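J.: mind folding the following:
(2 chains)
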Amino acid sequence: MNTLPWLILLLPLGAAAFITLFAQGNRKLSAGLSIAAVVAGFVLSLVFVSSNPWEPARESTFTWLAIGGFQVDFGLRFDALSLLMVLVVTGVAGVIHIYSWGYMKDDPGVSRYFACLSLFTFSMLGIVLASNFIELFIFWELVGVSSYLLIGFWFERPAAADAGKKAFLTNRLGDFGFLFGILMVWTIFGSLNFSALQEKLTLNPGILGGAATLIGLLLFCGAVGKSAQFPLHVWLPDAMEGPTPVSALIHAATMVAAGVYMLCRIFFLLNPPSLEVISWIGGFTAVLSAVIALQQDDIKRILAYSTLSQLGYMVMGVGLQDPTQAMFHLTTHAFFKALLFLGAGSVIIAMHHEQDIWKMGALRGKMPVTFWTFLAGTLALSAVWPFSGFFSKDAIIAQALSRQNYPLFVLGITVAGLTSFYMFRLVFVVFFGGEKSAPAGHAQESPQGMLWPLRILAAFSIIGGVIGIETVYGLRFPSGEAQHMLSGWEGVWQRLWMPFEHSPGAASVGLLAAAIGFLAAFALYWKAAADPLPTKLGALSRAMRDRFYFDEIYEALFIRPHDFLAAIAAWFDRWIIAGVAVRGTHGTTELLGRALRLVQTGNLQTHAIIFALGVAFLLYFALR
Amino acid sequence: MSILTFIIGCPLIAALALVFVPRNFRVVLRAAAVFATFSSALLAIIMFVRFAANTSGYQFDQQVAWVPSLGISYHVGVDGINVGLVLMGALVAFAAACVSREIKDREKEFYILLLVMTGGILGAFASLDLFMFYFFHELALVPTFIMIGVWGRGEQKNYATFQITLYLSIGALIVLAGLIALYLQSGANTFDIPKLTDYLRSPEHRLSLKSQHVLFPLFLFGFGILVSLWPFHSWAPMGYAAAPSPTAMLHAGVLKKFGLYGLIRIALPLLPDAAQCWMPILAWLCLGNLVYCGWVAMRQKDFNWLAGYSSVAHMGFIFLGIANLSLIGVTGAVLVMIAHGFLAALTFGLSGYIYQQTGTLQLNQLGGLLRKLPFIGGALMMAGFAGCGLPGFANFAGEISVFFGAWKVFPLITILGCWGALIIGAVYMLRALRSMLHGPLPEKWAAATLSDATHLWRRTPFLLLLGCLLLFGFAPRLLTNRIAPSVEPIVASFSPAQPEGSAAPGVTEILRGETPRLTAWNGSSGLEKAPTLVAHTALHTP
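T.: As a prediction, this is how the structure comes out:
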């Protein structure tokens, strides 16, 4: 049974290596290999899941590095959390791979593109299946570098090259804290394996002592970087410089999901105070990015900020001690966010790489499939019953209510309203109203190779909430109030109504907020030719548009001082160490040599005088 | 005859043979050099594979008495610590011989010097006799100076040659003084390293603390100068920027590791008490490499200077690994030595190749080269990733071991060092890649014909080095299984009673608010302070 998961993990790596070494320049072979690897991975995961139970957790390992007591295994861990996530990653990534061929087939670097895409999938699968901290960290870094390569795919464009660099470095900041969390865990437990850690913690709950909160927060640092939470959220919007399918991959199945996934994986290590911090960071990120999204004009940037905001929900869910619902939202979000990005890609291609929504308009009739699927994604993201996003988002908001954390509940509801507002703003401006530019007039529907992925993802965005995803995740995180869920069609029916039975207040207020957001968007943007908000909000609108100046603040606070320190070090090195110390030493030696040379004139009289003086000097001491 | 004698002998005999080849037989000259280094590399691979892992002690050793009255002999042999270094040295030498086609004048002299340097390097790492150990190092060092002086490049060539010669000679001289003093102080009347080690490690012959304290700084700073320990590093970037790429590859990659090897092989086992006192100081100095030199690298405008500072910065990992005197740390340090050898050789080989094509390595004049040079650019990107410690490359395995080893002993230094490794290292590497390879291609280069090493033969050295980095990155146990058993006896005298990896006290206990145990220096409260001498005299005087 153990070869199958290894195959699932290694197929994309094999594809990436083969393309890099042998298939450069053969476009069809590259794409074919890459797509085949991930689709085969999906099929094999289905086979594996159907022939094996979700739980209990099992492992398949070998030793990667062992020096004395420092042993690092390389292993795969199968439990409900990792297995379902493997299905999501291979499934969503597979659809995106197929779409990519339609989107990228005329690009000269298509082989490189698919090689990087496969590497990205491999790294994410590694995170999902990792059985210990070091292995997780290894794939964590590999995800970082894959994103660097893909965001900067069009490296000749300065903006893309800079965005890749920024993503990598911002992630590194998070990893810095993450690594210390790992080091501290190792010092205390003497082990890094998740199962062993959980066992030891169960046996000795007080083992972490006063360091527990610090460890929790340091480990959370990793998630802050990877899942782009405040204050390290700045890289994600810039990551829009990559090709659109890459954005879909980063935002849906691979990169940003990794942070939330990691938090769920190590959930047993997080203590209440650190969870409190985590929930507030999540909530704040959700609201901050939703507000910024209101005033963005680039179709991909709006979606990027909506991802930030939804990730905030997930992190908040973890912080509210409900990892099941966080993973549930992660999964449904993977469906509808992939769908929205691929839909946006379809629009961008039709608009000849125009991304400003105020130059689009009236695309509904010209691109019917894109429009209807995009609408499905929008409804899911806005949490409209019975679309998938409703169930997962409602569960998190309901959790805030049931834990009597009213501030976060209000925050969650506000974000729900804002989400619905900016998403319908996007839909109205892009698909309705009048044509705002010439390309919008002769836009055409994308080819079928790009439309089928949209249809598949749309189907899952609609039904994703009621097919029992949260029940599977729940197997990993059993909670006291677990309800008995029926199977088959009855289970679907039960889930469809459950939010209203379980927490009617949260469900109805959430729906109301979405409705208000929709109506506000309708009032402002239905057939609007220009954005009415800037005139109404003034300076606030400008601040939102400029993303509250986080980039500028960080530039001034961190990058400049760091460069300044570097400049001081370089100055010191050049003038003090290499200058005064080294040149000084040899200069003094040389000067001394020159001074002594004056004595050696070769003049007989001088020598005679010095000789006589010397004799007199010696005689003085000898005869004294 | 040990296989090691053939590994060392191949290049030296080839150098001798080349003396008799007329200078216009260019193909013969080059082929002989490549063939000789290739044979060495092949034999080194055979030796590495046949080396019995998981055991300590010397293998493949051979001893021929030379000056019995002084106890000098030709003695070669490898244990886990130098078997990987010999392998790395031989492979890098082969790669350096391959890229030597950039040399277009006085090829005969160049190849002879290159072969002498190779023989010296391999001899220095294989020697188990203090005299030969030093002799072979000098044999490698002198050709370095000549090669930089004659075939070097850049305006500062002469000053660089002058400085590197004087600087490294001073370092070597200090080491020599230390070695002679050690020989005299030991009273064992032998230069043989295994014998001397056994002799001095027996309690009755242990060197007095006083003489240890005189000897150890000589080794620390003598070897330190040879490895560009901060603040004795300024020769390195300037020297590497001026050196022809084969020389830079061999020196930065292999010869520089001689000092570190000397610390691990001689200074730590023979002078353990002084070593323990000096290690906290070394740990602070290594921050000068990791952080300070990283900052300086951020400001460089020439890629070769940047690579030089980066190579100096990487030495910080090795010093940190040595300084914590634990099995994990020292094993990690040896791992980084090998990994960095491949990496430095790869970086300087590629930068030399680009220099041949463009005639400049000024970062602001380059740009967008990845479009024109997909292979060379791609390889340079991978070298950059390896340089910022990305998993998959051998450096990561070594660096993470160093950090895990150091964390318990020097938590604060580890935090600062990690900042240098994870953040500063990434910043300067990615900035360099950004300005050389990415961005729009300047018109100057768009019009120029740049060759991307299309011939497989020209790609061989780069593929070989990259392959080694990846091989040992994916399977670091190939090395650690050999290194760790040999490191164990060296660190055994330092390790406190508690087993490594168990819940050792340290920062976390302090954080937890528990009273730390005050038993061992390695353990807890004296973390950053030099331990008191009293404790050690009490421990070690019988």
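J.: could you tell me how many residues sit around the residue in chain A positioned nearest to chain B?
T.: Distance from chain B to each residue of chain A (Cβ to the nearest Cβ) is smallest for residue A:69, at 1.7 Å. C-beta here means a position set from N, CA and C on the backbone, and glycine is covered the same way. Using other Cβ atoms under 10 Å in any protein chain shown, residue A:69 has 18 neighbouring residues.
J.: surely it meets residue A:190?
T.: Yes. In this structure, residue A:69 is within contact of residue A:190 by Cβ atoms under 8 Å, at 6.9 Å.
J.: residue 46: what's it in contact with?
T.: Chain wasn't specified; assuming chain A. Contacts for residue A:46 (Cβ atoms under 8 Å, 6 or more residues apart in numbering or on different chains) come out as residue A:87.
J.: I was after chain B.
T.: By Cβ under 8 Å, 6+ apart, the contact list for residue B:46 reads residue B:3.
J.: after the longest strand anywhere in chain B, which helix or strand is next?
T.: Across chain B, the longest stretch assigned as strand under DSSP state E is strand B:59-67. Next helix or strand after strand B:59-67 toward the C-terminus (DSSP states H and E): strand B:72-78.
J.: now for that following strand, which elements pack on it?
T.: Other elements packing on strand B:72-78 under the criterion 3 or more Cβ pairs under 8 Å, 6 or more residues apart in numbering or on different chains; DSSP states H and E are helix B:3-18, strand B:59-67, helix B:107-126, helix B:130-151.
J.: pLDDT of stretch B:466-484, averaged?
T.: For stretch B:466-484, the mean pLDDT works out to 92.
J.: that one: which residues count as buried?
T.: For stretch B:466-484, the buried set under the neighbour-count rule, 16 or more other Cβ atoms under 10 Å in any protein chain shown, comprises B:466, B:468-470, B:472-474, B:476-484.
J.: which residues touch that stretch?
T.: A:63-68, B:51, B:53-54, B:80-81, B:83-84, B:88, B:91, B:327, B:331, B:334-335, B:338-339, B:342-343, B:346, B:379, B:382-383, B:386, B:391-398, B:401.
J.: what residues are up against residue 262?
T.: All of this refers to chain A. Residue A:262 sits next to A:127, A:136, A:140, A:219, A:222, A:223, A:226 when contact means Cβ under 8 Å, 6+ apart.
J.: my question was about chain B
T.: By Cβ under 8 Å, 6+ apart, the contact list for residue B:262 reads B:133, B:175, B:219, B:223, B:226.
J.: residue A:71 should be in a helix, yeah?
T.: No. Counting by DSSP: H, G, I helix; E, B strand; the rest coil, residue A:71 is not part of a helix but strand.
J.: and stretch A:24-33, which residues are buried?
T.: Neighbour-count burial for stretch A:24-33, counted by 16+ other Cβ under 10 Å, picks out A:24, A:27, A:29, A:30, A:31, A:32, A:33.
J.: mind checking the pLDDT average for it?
T.: Averaged across stretch A:24-33, pLDDT comes to 87.
J.: how far does it sit from the chain's center?
T.: Centre-to-centre, stretch A:24-33 and its host chain are 27 Å apart (Cα atoms, centre = their mean, to the nearest Å).
J.: list the contacts of it.
T.: Residues from elsewhere that reach stretch A:24-33 (Cβ under 8 Å, 6+ apart): A:15, A:18-19, A:23, A:100-101, A:105, A:110-112, A:114-115, A:118, B:374.
J.: ditto for stretch B:134-149
T.: Defining contact as Cβ under 8 Å, 6+ apart, one finds that stretch B:134-149 is touched by B:8, B:110, B:113-114, B:116-124, B:127, B:157-158, B:160-161, B:164-165, B:168-169, B:172, B:175-176, B:179, B:239, B:242-244, B:246-247, B:250-251, B:255, B:258.
J.: which bits of the stretch 101-250 of chain A sit near chain B?
T.: Taking Cβ under 8 Å from any Cβ of the partner chain as the criterion, the stretch 101-250 of chain A approaches chain B at residues A:134, A:137-139, A:141-142, A:145, A:148, A:152, A:155-158, A:161-162, A:165, A:168-169, A:172-173, A:175-176, A:179-180, A:183-184, A:186-190, A:208-211, A:214.
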